[in-house]
Each structure stands twice: as structure tokens, then as C-alpha cells.
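> What follows is a predicted structure for the sequence shown.
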Amino acid sequence: MSETVAAARLKSDDLRNARRIKLRKRLIPYAFVFPAMLMLISFKLGPILVSIAGSMYKTGAKNVKTFVWFRNYLKLFQDSVFYTSLWNTIRFNLVTTPIQIILAFILALTFNQMLKGIKIFRTIFYMPVCVSLSMATMVWALMMNPYNGLLNSFLGLFGIPNQMFLASPKTAMACIEIIATWKGTPYWMMFLLAGMQSISHSVYEASLIDGANGWQRTWCITIPLLKNSFGFVMVSNTIANMLLFVPMYVNTMGGPLGSTNVLMYEAYKSAYGLNNMGRSYSIVVLLLIVSIIVVSIQNKFFKITE
Amino acid sequence: MQECSISNTGRPAGKRNKTTALLRDIGKYILLLIAAFCFMMPILWFMTSSFRTNAEVFGNLNPFSLKMMFFGTYTLGNYRDIFVDYNFGTYVLNTVVVCIMTVTLGVLVASMAGYAFAKMKFVGRKAMFLLVVFAIMVPFDAIAIPLYSIIIKLDWNNTYQALVLPTIANGMVIFMFKQTFRDMDDALSESAQLDGAGEFGIFFRIIMPISIPAIISGALILFMAQWNAFMWPLLCARTVQFKMLQVALADFSLEEGTEWSKLFAGITVAMTIPCCILMPFQKYYIRGIATTGMKE
């Protein structure tokens, strides 16, 4: 009699244990993803919600917040400063992104050749990757000093008169484009070169037998097979250039005469210079919408994710 | 656009004239040298200038010559000054500490999540993974301003957690780990499971040790992002105790507007450290980013 009771108890213990193990098993995946989810929700999703909500409030005197619906956006759309910074951002992107990608592609093609000492050259070109944009801006700004700068002295060799560079509204943006290109091209080149090196040699060998020349190989093999790398570089580069902020903060302050005032700097200035959080958040939301659209286009065409 | 059909009338490329090939190679070298000059000149200039005095660097910039770029008396004075007079050691240490914390925590958090997404089945998996993909789409700098409001609400201004935790929320690294683990054979972990190992045991004792390349990739992505970060440390770490190297350099250039060779010394230090880490491992860095962005 007592034996059966004991057996039954044992059985129920087993059952409970099994259930506990099952529950543990079902909970374990959540333990694995929880820290990451917590971070993403608080520091990625959170700020987005804050900026969407904040863009609909106006902060008045004594920090009193009033809900104003979309009036911050309407005000933004009537503001000529906003349009100038929008145009500056677009112009910067239209010039810098193609130049960087074309240069990066040409460099990657050259580095993909079997030449003696090519590794040394490659290493040299990776160095700007380690120079942050803020440091690059500081160094280039000194080189571009209008009165006592390395670049003017170099141009003097060719009889070109002193340029104002970053100090003139006509050339300031072009100078920042040069700095960004100097810093960005080697970075994007790394990815194009990696893509090229993953193209199998047999494809090229087959084309050699068919009698394809160098140009044909580039047009018909390299570029089509680099589709994914190009897609990635284009999108990441567009977004990086759209959110450019550092050269303006470190050097031009958006000037001279607003010629280098881009959207990200305008958002920063609105928040901490003009104390107009609503305006700043509205710009942030607009930037977010554009970057999400740009990446979605990449997803559609290049299928980066499942 | 050139036609992609190939006519067989041309000479076979293998029998190309030797002299033309040589001339072509020389042309390529000239192109490379010009490009190398353009890209190296700024770096060479600030590196050599960091060992010379301000007067030597800026005193005779005209006319342009190689001499003025390199010659002068080389000293370590600038380096001594920035470390002794300008607290530079603190900023380097801050940045190193923040980077180590970011890399360790970031790799741990992202690899665990990546493992769950790759090898486990659970309710809400799809929705959570969608959040990861969404996080990849949202660039960090774009949300820096609203993020700062959250940090102020949490009273985290000028703290390590403000610098480290938002950087860890990196969808790209999670995605990279997920791809790595997905392609991994299940045989090892299954046999360990039969031996009675738990999921955590399997992950830390078996999966992690054979995923070193992915760990290096993830660590490098996080490290480079944190080391070169500017906007975020500019907003949330302003005190000497937490100021990061990049911000410290920008402050130095804005405040000590004429001590250029000292600035160059600082820049040289700030660039040498990531250079020494990235150069030997750049293959992993590229591969890590490539798994996210360039999947077939």
C-alpha cells in the first residue's frame, strides 16, 4: 500500500520536474534575447517615440509645454533657414556620394591588380579610415588656412592665387566635400575591394579565353557581380552624408553666411542654441523618415535581410 | 555602356606585347603614387608636425617644398605637453575604458541575441527580429538629440552607462551574429545536449569558443564606432572625468586656438591606437559589416 503511494508521489514529482524543465526551456530563449531587446527598445525605439511626440509640443516660457499638433512642421516648412539647410544637405549628397563611390571604385579596381608592392599601397589607403572625421576636419582646416596654409602654398607652385577655402561662402561647402571625400573614399573602397576579391578567378579566366579585354571585364563581370556591394555602399554612404554634422560643429558653425548649414547641424542648433526642442525634433523626424526610406529601397533592390 | 558580347577578332589577352604590359604597369604605378600622395599628405603632415614646434611648422610654409614638410628638429615636447599640461592621459584612458566596456558588453549582448534568433524557437521571435532590422535602419546620429533627452530624464548625464549602453544597442552586430550562428552545424551542440549541458553551458563553452572570427568582427565594429564617435560623446559626456578623446581634441582646437603642433600630437595618438587594432584585423571588420549589408 505505502509502496504505491510512494510511487505515485515519485511520479508526480517527476511530472512536476519535467514541467519545470519544460518551462525553463521555454523561458531560456527570452533570457538570451532580453538584454538586447531592452537596449533596442530603450535606446532605439525610445528616442524615435520621444522625437515624434516632442515634435508636436511647443516649449514656452518657464518650460511649459503645449500640444500644437503639426504646427512645428508647418512653421518649419515656412522657414527659409530650413530650406537653405535642406538644399545644402541635398547638394552635399548629390556631389559627394557619386564622387566618393566612383573614386572608391577606381581605387578598388587598381588595388585588385597583381602589382608588386600593392599591399603597401593598400595599407597606406586604409590609414584615413582610422582618422575620425573631426580630426580630419581640424587638420584639413589648418591646411586650408587662407593666409598661412599648406594648400595655398602648394597651389602657389602652379601660380594659383590664394584661396579663401572654408572662409568664403562660395567655396566652404566644396571644401567640406573634399574633406568628406578624403575621409570617406578609403572606407567605402574597403567594401568594394572585398567584394571584388570574392569574385571567383574562374569567371575571369573564362572571359580571357573568350578574348574579353580589360574594359569588357570591368563592365560585364566586375560591376554586375558587385551589385550587392554597390547597393550597400550607396545606401550607407547616402545616409552618412545626409547626417553630416561634425565638420560644421568643429569648423564652420554652419557658416559663412549659412553656406554650410545642413539639416543635422540645424537640428543641433535648434535644440541647444535656440532652445527650440519642437523644431529640432521635427527635423530629426524628417531625417529619420528619409533614412528609413533609403534603407528600405536597399532592402527591396538588394535584399539585405531575410 | 559597352556591349557585353565579345567578338573573337581581338588578340588573345595572354599574348599581349611585353613592352605594352610594362608601360601599363608603369602607368598604374604613377596613378597609384599620385593617389597615395593626395591621401597621405595630410597624415604625413600632421604626423611630422607633431614632432616639431609651431614656429617650425608654420613659420616657413611658403614657398611649398618637401623640405618644409619634413625638416626641423624633432622632439617629443608636444607629446609631453599634451599629456602633462592638458590632461590628455585622462581622455585617452576614458576612451579606452569606455571602448573596452562597449566591446565586452556589446559582444555578449549581441551574440546571445543572435544565438537565440538563429537556433531557438520562441513566441515573438519574428516581431523581435523585426525590431533588430528596424534598428539597423535607424542611424545612431539621427536619434542622438532625442536620446539625450532620455539620458537626462534617467539622470545619466556624464556617466559610463550613457556612453556605453546606447552604443551597445547595435542591430548590425546582432544581425551579424545571427548569420554566423545560423550557418553553424548543430552536431556539436546536440551532442553536448545529450551529455546534459544546459543552453547557457552550450553557448558559452561550445559555441563561443568556435566563433572567434565573428567575435572579432563584432568587437571591431563596436570599437571603431565608439572610438570615432563624436556627436554622442559631445552631448552626454562633458566633464573631464568622462570626456572622450575626439571631443577633447575638438575642444582643444576651439580653446587653444594656436597650439597646433600640440593638437597634431593629440591627433597622432588618437589615430595610432585604432590603426594598430584595425590593420591586423581589417579582414574581420569588413567581413562583419559585409554579412549585414551585402548578403547574396
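Cool, the structure landed. All figures in this text were calculated on a predicted structure; none of them were measured in a lab.

> give me the low-pLDDT residue ranges for the stretch 151-296 of chain B?
B:292-296 (pLDDT under 70).

> How is chain A partitioned into domains?
A:2-42, A:80-302 (automatic domain parsing).

> Let's have those in TSV, adding mean neighbour count, distance to residue A:52 and mean pLDDT.
All C-beta spots, glycine's among them, are computed from the backbone N, C-alpha and C. What follows is the domains of chain A, written out as TSV (neighbours: other C-beta atoms under 10 Å in any protein chain shown; distance: least, C-beta to C-beta, whole Å; pLDDT from 0 to 100):
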stretch	mean neighbour count	distance to residue A:52	mean pLDDT
domain A:2-42	13	15	82
domain A:80-302	19	6	85
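
> Select, out of these, the one closest to residue A:58.
domain A:80-302 (5.0 Å; C-beta to C-beta).

> Give me the residues contacting stretch B:48-57.
Surrounding stretch B:48-57, the residues in contact under the criterion C-beta atoms under 8 Å, 6 or more residues apart in numbering or on different chains are B:69-70, B:72-79, B:258-261, B:264-265, B:267-268.

> I meant to write stretch A:147-155 there.
By C-beta under 8 Å, 6+ apart, stretch A:147-155 touches A:142-146, A:162-163, A:165, B:45, B:58, B:61-64, B:69.

> at 7 Å instead, please
A:142-144, A:146, A:162-163, B:45, B:58, B:61-64 (C-beta atoms under 7 Å, 6 or more residues apart in numbering or on different chains).

> can you check stretch A:71-78 too?
In contact with stretch A:71-78 (C-beta under 7 Å, 6+ apart) are residues A:55-56, A:58, A:82, A:278-279, A:282.

> Which of these fall in helices?
The members of these that map onto helices under DSSP state H are A:82, A:278-279, A:282.

> Looking at those, which two lie furthest apart in space?
It's A:82 and A:278 that sit farthest apart of the ones in helices among the contacts of stretch A:71-78, by C-beta to C-beta, at 13.1 Å.

> circling back to that earlier point, and the contacts of stretch B:48-57, which are buried?
Taking 16 or more other C-beta atoms under 10 Å in any protein chain shown as the criterion, what is buried in those is B:69, B:72, B:78-79, B:259-261, B:264-265, B:267-268.

> Now do the helices in the stretch 1-150 of chain A.
Here the stretch 1-150 of chain A has its helices, by DSSP state H, counting those that start in this stretch, at A:2-40, A:46-54, A:71-77, A:80-111, A:118-130, A:133-143, A:150-156.

> which bits of the stretch 151-296 of chain B sit near chain A?
Within the stretch 151-296 of chain B, the positions near chain A by C-beta under 7 Å from any C-beta of the partner chain are B:165-166, B:168-169, B:171, B:174, B:199, B:228, B:230-231, B:246, B:249-250, B:253, B:260, B:263, B:267, B:270-271, B:274-275, B:278-279, B:282, B:286, B:290, B:292-296.

> Show me just the buried residues among these.
B:165-166, B:168-169, B:171, B:174, B:199, B:228, B:230-231, B:246, B:249-250, B:253, B:260, B:263, B:267, B:270-271, B:274, B:278, B:282, B:286, B:290, B:292-294.

> and whichever residue of the stretch 151-300 of chain A sits closest to chain B, helix, strand or coil?
Relative to chain B, the nearest point of the stretch 151-300 of chain A is residue A:232 (3.5 Å; C-beta to the nearest C-beta). With DSSP: H, G, I helix; E, B strand; the rest coil as the basis, residue A:232 sits in helix.

> before we move on, what about the one 4 residues further on?
Classification of residue A:236 using three-state DSSP returns helix.

> Residue B:85 and residue B:77: what is the separation?
Using C-beta to C-beta, to the nearest Å, residue B:85 is found at 11 Å from residue B:77.

> actually residue B:200, not the one I typed
Counting by C-beta to C-beta, the gap from residue B:200 to residue B:77 is 54 Å.

> next one: residue A:217
54 Å.

> got the phi/psi numbers for the residue positioned nearest the centre of chain B?
The residue lying closest to the centre of chain B (C-alpha atoms, centre = their mean) is residue B:224, at 2.0 Å. Backbone torsions for residue B:224, taken as degrees, to the nearest 10, come to phi -60, psi -40.
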